[in-house]
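>>> give me a 3D structure for the following:
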Amino acid sequence: MPVPPERVLDTRLESAVNWDSDSTDLGGTAVAGSGTKPQAGELVPVFFDGLPFDAAAVMVNLTGTEAAGDGYVQASGAATLLPGASSNLNLVAGQTIPNAAVIPLDAQLAAGFFTSAG
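Below you'll find the predicted structure:
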């Protein structure tokens, strides 16, 4: 089922999409966290609203920009993500690198995002 494109997570300070603790309505997406910018090594769950209850995956565009160091971004079902088991996007310090990925969802229609670099 096609759904309109939506930015569900942006950790750049000037954008701050879906990690501000002052917001309880996150435009259809809820992200758990302390309200501070997600840090390297922190698992960030993202819940996808508006999908059929039996959705198994989402197609996403992952983009790393101006990473503080080399590393990777990993995405998978939030309940099943094993940090370090795979990579969906490889980061190079100071560069902007995009990659399309099909991300499996868990039973709560959530995906987890993990980054090894800031």
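
>>> low pLDDT regions in the chain?
Within the chain, the segments meeting pLDDT under 70 span 12-38, 118.

>>> all helices for it, in order.
Counting by DSSP state H, the chain forms no helices at all.

>>> report the backbone C-alpha coordinates of stretch 95-102 in PDB.
What follows is stretch 95-102, C-alpha atoms only, in PDB (Å, rounded to 0.1, in the frame of the first residue of the first chain):
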ATOM      1  CA  GLN A  95      30.300  13.500   3.900                       C
ATOM      2  CA  THR A  96      26.700  13.200   2.800                       C
ATOM      3  CA  ILE A  97      25.700   9.700   1.800                       C
ATOM      4  CA  PRO A  98      22.200   8.400   0.900                       C
ATOM      5  CA  ASN A  99      21.000   4.800   0.600                       C
ATOM      6  CA  ALA A 100      17.600   3.300   0.000                       C
ATOM      7  CA  ALA A 101      16.700   0.300   2.200                       C
ATOM      8  CA  VAL A 102      13.700  -2.000   2.900                       C
END
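
>>> in it, what's buried?
For stretch 95-102, burial by neighbour count (16 or more other Cβ atoms under 10 Å) applies to A101. In this view, the C-beta of every residue, glycine as well, is placed from N, C-alpha and C.
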